[in-house]
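# sequence plus predicted model, see below.
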Amino acid sequence: MQIDPRASRQLLELQLSNSLNETNASDGNSDSTVDFASMMDGLLGTNSTSLNHTVGEDVNSAAISKRSSDGLLWLQLGSMYSPDASSVSSSNSNVVSLSSLINTGVVDSGASVPTDFESLIASASAKYGVPESLIKAVIETESGFNPNVVSSAGAKGLMQLMDGTAAGLGVSNAYDPAQNIDGGTKYLSLQLQRFGGEVKMALAAYNAGPGRVSSLGVSSDAELMSVLNRLPSETQSYISKVEKAQSKYMV
């Protein structure tokens, strides 16, 4: 008798999830969710060295139900996302909605200070509703437009994707500019959507992880700045670096 691997996977996930829920109920340890993710990756042969872009964080156990075929990345995205039903890339209405949330105060064509990746950035911008200038600023801050750079933490490529995050975004080769820009922009768009178009909050989430930003209990960029010292020093400087870089790409 041939065993359906998809059915086996679903059964395994259900069994491990039930076991996890029982553990959480008894000791309230949220770190067990991370253990669950690691266990799943070990059993299923996937790589989730880090679920966050650069800085590690605990994953919200309430998001377990949001696993999708894209991988464990979706554990950290929160209940507002349903990647199994549709993604930002496949919904024009989502792109329009996201674009309307982001108010930079200036016309943004992304045309000033040209880069070596103009067409790829323009395509990702149109696909996910993220301003070209913001994509370029993140790339400049993350990698200096070097597609082959690797950070000490193992983040790779133009938008510095960790292996686990890259896998969850469907990126098989983080050194490929097309895949990296598409995946990084998709991830950035999800943070913008999650935090209501608040750019500083989205950038903090891109760098430190959305769970850490959510734990601050703030709902706007202004509120975030009032408690910025609660974030890692790297993230504090990261926000200002991206915003400074973005000004070069706005006209």
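Cool, got the structure. Residues are numbered from 1 along each chain as shown.
# what bits of the stretch 51-200 of the chain have low per-residue confidence?
51-97, 99-100, 103-113 (pLDDT under 70).
# mind listing the helices for it?
Remark: helices assigned in the stretch 51-200 of the chain by DSSP state H, counting those that start in this stretch are 92-101, 118-128, 132-143, 163-168, 177-194, 199-208.
# export those helices to JSON lines and tack on mean neighbour count and distance to Gly157?
Bear in mind the C-beta positions are built from the backbone N, C-alpha and C, glycine included. Output for the helices of the stretch 51-200 of the chain, formatted as JSON lines (neighbours: other Cβ atoms under 10 Å; distance: least, Cβ to Cβ, whole Å):
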{"stretch": "helix 92-101", "mean neighbour count": "14", "distance to Gly157": "23"}
{"stretch": "helix 118-128", "mean neighbour count": "18", "distance to Gly157": "12"}
{"stretch": "helix 132-143", "mean neighbour count": "25", "distance to Gly157": "7"}
{"stretch": "helix 163-168", "mean neighbour count": "24", "distance to Gly157": "8"}
{"stretch": "helix 177-194", "mean neighbour count": "24", "distance to Gly157": "4"}
{"stretch": "helix 199-208", "mean neighbour count": "26", "distance to Gly157": "14"}
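# could you save those as a markdown table and add columns showing distance to Ser220?
Below are those laid out as a markdown table (distance: least, Cβ to Cβ, whole Å):
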| stretch | distance to Ser220 |
| --- | --- |
| helix 92-101 | 12 |
| helix 118-128 | 22 |
| helix 132-143 | 18 |
| helix 163-168 | 26 |
| helix 177-194 | 13 |
| helix 199-208 | 8 |
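# select, out of the ones you listed, the one closest to Lys241.
helix 132-143 (4.8 Å; Cβ to Cβ).
# any idea of the angle that closest one forms with helix 177-194?
110 degrees (axes from the mean of the first three to the mean of the last three Cα atoms, to 10 degrees).
# alpha carbons only: can I get stretch 228-247 in PDB?
Provided in PDB are the C-alpha atoms of stretch 228-247 (Å, rounded to 0.1, in the frame of the first residue of the first chain):
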ATOM      1  CA  LEU A 228      12.900  52.800  20.600                       C
ATOM      2  CA  ASN A 229      15.400  52.100  23.300                       C
ATOM      3  CA  ARG A 230      13.600  48.800  24.000                       C
ATOM      4  CA  LEU A 231      14.800  47.500  20.700                       C
ATOM      5  CA  PRO A 232      18.400  46.300  19.900                       C
ATOM      6  CA  SER A 233      20.800  49.100  19.200                       C
ATOM      7  CA  GLU A 234      21.300  47.600  15.700                       C
ATOM      8  CA  THR A 235      17.600  48.000  15.000                       C
ATOM      9  CA  GLN A 236      17.600  51.600  16.300                       C
ATOM     10  CA  SER A 237      20.300  52.600  13.900                       C
ATOM     11  CA  TYR A 238      18.900  50.500  11.100                       C
ATOM     12  CA  ILE A 239      15.700  52.500  10.900                       C
ATOM     13  CA  SER A 240      17.500  55.800  10.500                       C
ATOM     14  CA  LYS A 241      20.000  54.400   8.000                       C
ATOM     15  CA  VAL A 242      17.200  53.100   5.700                       C
ATOM     16  CA  GLU A 243      15.400  56.400   5.900                       C
ATOM     17  CA  LYS A 244      18.500  58.400   5.100                       C
ATOM     18  CA  ALA A 245      19.300  56.100   2.200                       C
ATOM     19  CA  GLN A 246      15.700  56.300   0.900                       C
ATOM     20  CA  SER A 247      15.900  60.100   0.500                       C
END
